[in-house]
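Trainee: Sequence and computational prediction follow.
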Amino acid sequence: MQKKSGLRGVRAGWYAGAAVLVVGLVAAVLYGSGAYDSWRDGRSLDEACDGTLAQGGLASALGSSDLKAEQGDGGGLAECTVKTSPGTGRAVQITLRWSTTAAPAGTLARYDSGYDGVRAQAAPLGNGWPGVVRHDGTWQIMVALDCLNQKNKALVAHGDLYGAADGTALTGLGRVTTETARAAAGKYGCRVRAGKPLTQVSTARLGTPGTAKPVGRAQGSCVALRDTSVARSGTPEIMEYPADPDAPQTNCYLVTGAKKPGYGLYAYYGAAAEDFESTGYGGPDHDSVLATAPCPRSTHEAVFALYRLHDRDTDSYPVPHYSASFARRALKAFAEHEAEQRGCGAVRIMSRP
């Protein structure tokens, strides 16, 4: 009996050793084949941005399906960066925050350049999304989803794309940003009205050749200036985006006969208005005029601004002489049209803070 017991002990030890060997071999195979890295990267994506990262458009945005995510610490609700694995220099960064907290410094810088040519332009995202597309060296998509069950609060998502980009990549960024915003709103108890799935986001930007047209042909964001004395102000042409009542920012540019942007008009709503105001209404006191109006979607007033624009290429002003009276008339027409389209109240021209 003692002999049999000893044999059983030997066998048990052998089985245990064999099991350890098998586990080790399997682990080595998985590690050597890259399966472990793939599992680890997939898990990093699932956990990214507090588990809200939408992955559907990532491959399009980054041109690869071999991706990994890193958590950030931007001080908001969540932040994550997705990179190709191995790295190619391309990346998507998503930042989530409430509208009641400060925007990332890089985003606020975009509101400081309203006087600097067309740098502060933002195109409407479309498809019913309250968002815009910006470009200032890199592409950014910003979406602000108002919380229908929490007054004066919105879930704001910023999606930044680093590296080479085309329409496919930008559309991918749009899908990631909007769907992550929707998922985050649900996770954090913010009931929202979201748009339809994005199928195309354009890379078209104002200021490129062929984007200016006679003021009499305005039909989008500049339509309110079609019947004012714009042509006589030295700006007979305009550059505009399609009108979009959902976009948190609208802009219109008045263009000189030399095809140079001379005046920039901007409208900011909700979270964008709060961000613009937090920069001191766009920075230093340039030749400008401001206005506000109460709007039904937010307890924060909409803000409207007109700047005489500076041309950094020539270090000059395409409109050499600023007319304060024209600026007030033009902004009033622009702001009143915007306010009417959005159901806002009376426009009030304000003193520069």
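Mentor: Thanks, I have it. Residues are numbered from 1 along each chain as shown.

Trainee: doesn't Ala59 make contact with Ala169?
Mentor: No - using Cβ atoms under 8 Å, Ala169 makes no contact with Ala59, being 10.1 Å away. Every residue, glycine included, has its C-beta placed from N, CA and C.

Trainee: Nearest residue to Leu170 in space, ignoring adjacent ones along the chain?
Mentor: Once flanking residues are discounted, Leu170 sits nearest to Val201: 4.6 Å by Cβ to Cβ, 6 or more residues apart in numbering.

Trainee: mind listing what that neighbour touches?
Mentor: With Cβ atoms under 8 Å, 6 or more residues apart in numbering as the criterion, the residues that contact Val201 are Leu125, Gly126, Val133, Ile141, Gly167, Leu170, Thr171, Leu173, Gly174.

Trainee: Over to Arg90?
Mentor: Taking Cβ under 8 Å, 6+ apart, we find Arg90 in contact with Leu62, Gly63, Ser64, Lys83, Thr84, Leu161, Tyr162, Gly163, Ala164.

Trainee: Mark which of the residues you listed are buried, thanks.
Mentor: Neighbour-count burial (16 or more other Cβ atoms under 10 Å) is assigned, among these, to Leu62, Gly63, Lys83, Thr84, Leu161, Tyr162, Gly163.

Trainee: from those residues, which single one is nearest Ala120?
Mentor: Nearest to Ala120 out of these is Leu161 (Cβ to Cβ; 18.7 Å).

Trainee: Give me the distance from whichever strand or helix holds the closest one to the chain's centre.
Mentor: Leu161 belongs to strand 154-162 when assigned by DSSP states H and E. Distance, stretch centre to chain centre, for strand 154-162: 5 Å (Cα atoms, centre = their mean, to the nearest Å).

Trainee: buried stuff in it?
Mentor: Result for strand 154-162 [16+ other Cβ under 10 Å]: buried residues Ala154, Leu155, Val156, Ala157, His158, Gly159, Asp160, Leu161, Tyr162.

Trainee: Likewise for stretch 119-126?
Mentor: Arg119, Ala120, Gln121, Ala122, Ala123, Pro124, Leu125, Gly126.

Trainee: wait, doesn't the last one sit right on Ala243?
Mentor: No - applying Cβ under 8 Å as the test, Gly126 and Ala243 come out as separate, 11.1 Å apart.

Trainee: ok, the contacts of Arg90 vs Ala231, which is closest?
Mentor: Scanning the contacts of Arg90 for proximity to Ala231, where the rule is Cβ to Cβ, the winner is Leu161, at 38.4 Å.

Trainee: Could you report the distance from the closest one to Leu58?
Mentor: 11 Å (Cβ to Cβ, to the nearest Å).

Trainee: now do Arg348
Mentor: According to Cβ to Cβ, Arg348 and Leu58 sit 44 Å apart.

Trainee: Give me the more crowded residue out of the two.
Mentor: Neighbour comparison, Arg348 and Leu58: the larger count goes to Leu58, with 22 against 13 (by other Cβ atoms under 10 Å).

Trainee: Correct me if wrong: the more buried one contacts Leu67.
Mentor: Yes - under the criterion of Cβ under 8 Å, Leu58 makes contact with Leu67 at 5.8 Å.

Trainee: Mutual contacts of these two, please.
Mentor: Common neighbours of Leu58 and Leu67, using Cβ under 8 Å, 6+ apart, are Leu45, Val82.
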